[in-house]
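J.: Quick one, structure for this:
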Amino acid sequence: MAVNLFADLGKSKDSLHPQFVTLRDALRYAPARRQLEELQQNFDDPDGNFVEQFQTTGFDARTLELFLFAMFRESGHVVDRSQQRPDFLITRDGVTVAVEAVTASAPSNGGIQPYSPVPAEQTPEQRAEYLRHNLPIRLGSPLFSKLKARYWLEPHVQGRPLIIAMEDFHTSGSLATSSAPLSNYLFGFKQDWYHDDGGQLIITEQELTHHQVNAKKIPSGFFNQPEAENVSAVLFCNSGTAPKFARMGQEGKHRSGVVRMLRYGTCYQHDPNAALPNGFVYEVGDLRHGRESWREGTTLIRNPRALRPLPSEWLGAAVEEDFLEGKVVSTFRESFVPYWSQTILLPGSISKRLMKETMVELYRELAS
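T.: You can find the predicted model right below:
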């Protein structure tokens, strides 16, 4: 029987990841703990060190793997974790695909390092430059490390599509970034937009050859790099985190009366001429908003040069992106597509008045 995710392994307090400690000890995270424990019952650990890494230096990466496991099962895949590499073999409709998970992490000297802050007081131009160059450099490094691993040569992967699933933890606030910078880096294009005299939104694509910050320079267009044709797609995710498990537990059978949750953020606006997203605020478990899916917040970005392309809609991501005739084409599988969100955990005894005031304040924050 597998060791429980929250079992005492005798590790020193200093070696435990601070987010793990909060998840383990805080009453308000009871729905997340129960949801994670339920998932672990069917989650294989071929290396035998999953729990130890989940509690210490690998918290983000192991949480992402548990999220992917839940997403794949929700989408009807049979999940095989019997091999040590890559992380998953998933099968549906007679098709088997290999999936390797990777995180972009903060620089570390071997221990647990705090995330460096997002640059403060950026102008819109500086923010655009940061997303266009700094972020691809951060994301490019772990992607190239996975490319060098050559998973497609493994006997159980040969002849099958390969997906790299990625989540960005390189700095505080990085999860508030949409898939757009990664998509632009993968395809090697940048997008600009403007409204014409008639108010119609015009989006243009221009080729990018490289990304550079000071002396650091990398080529753009990951999908165009040698051997990248063996990667069928990259799956972007920014919600494989403890708050996701808390929300899913609270909406399901692990609901707890000791906590109430508010979720707020921005989402895709279904208006062809909209350049900015919509804001949203809702209480988790409010059925008027609808139930959250595991795949929410995921974008599958397909490699146009893939040797083994993926069938359309096969994986089950919320959004799929293709590069067709010089343009990025997005296909939405869900109507509610959040770009980023935060989840506030409040006491279960909070009054209706204070709850309403908190929601109003969050709306104001989003509008400012």
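
J.: Helix, strand, or coil at Pro226?
T.: Here Pro226 is recorded as coil under DSSP: H, G, I helix; E, B strand; the rest coil.

J.: Phi first, then psi, for Gly249.
T.: phi -70, psi -40 (degrees, to the nearest 10).

J.: Do I have it right that Gln35 meets His254?
T.: Yes - the pair Gln35 / His254 is scored as a contact, 5.3 Å apart, by C-beta atoms under 8 Å. Glycine gets a C-beta too; all of them are placed from N, C-alpha and C.

J.: Tell me if I am right that Val51 is in a helix.
T.: Yes - when three-state DSSP is applied, Val51 is found to be in a helix.

J.: number of nearby residues for it?
T.: With neighbours defined by other C-beta atoms under 10 Å, the count for Val51 comes to 18.

J.: Relative to Arg353, how far out is the nearest residue to Ser75 once chain neighbours are set aside?
T.: Excluding its sequence neighbours, the residue lying closest to Ser75 (C-beta to C-beta, 6 or more residues apart in numbering) is Gly316, at 2.8 Å. Distance, Gly316 to Arg353, by C-beta to C-beta, to the nearest Å: 41 Å.

J.: neighbour-wise, which of the two wins?
T.: Each of Gly316 and Arg353 has its neighbours counted (other C-beta under 10 Å); Gly316 has more, 21 against 8.

J.: Which helix or strand contains that one?
T.: Gly316 belongs to no helix or strand when elements are defined using DSSP states H and E.

J.: residue contacts, it?
T.: Gly316 makes contacts with Met71, Phe72, Glu74, Ser75, Gly76, His77, Arg295, Arg333, as judged by C-beta atoms under 8 Å, 6 or more residues apart in numbering.

J.: Residues contacting stretch 270-290, please?
T.: 193, 195, 199-201, 246-247, 250-251, 255, 260-269, 292, 335-336, 338-339, 341, 343, 355, 359, 362-363, 366-367.

J.: Low-confidence stretches in the stretch 201-350 of the chain?
T.: For the stretch 201-350 of the chain, the stretches with pLDDT under 70 are 201-202, 204.

J.: Now do the helices in it.
T.: Counting by DSSP state H, counting those that start in this stretch, the stretch 201-350 of the chain has helices at residues 242-251.

J.: Now rank the contacts of Gly316 by neighbours and give me the top one.
T.: Ranking those using other C-beta under 10 Å puts Met71 first, with 27 neighbours.
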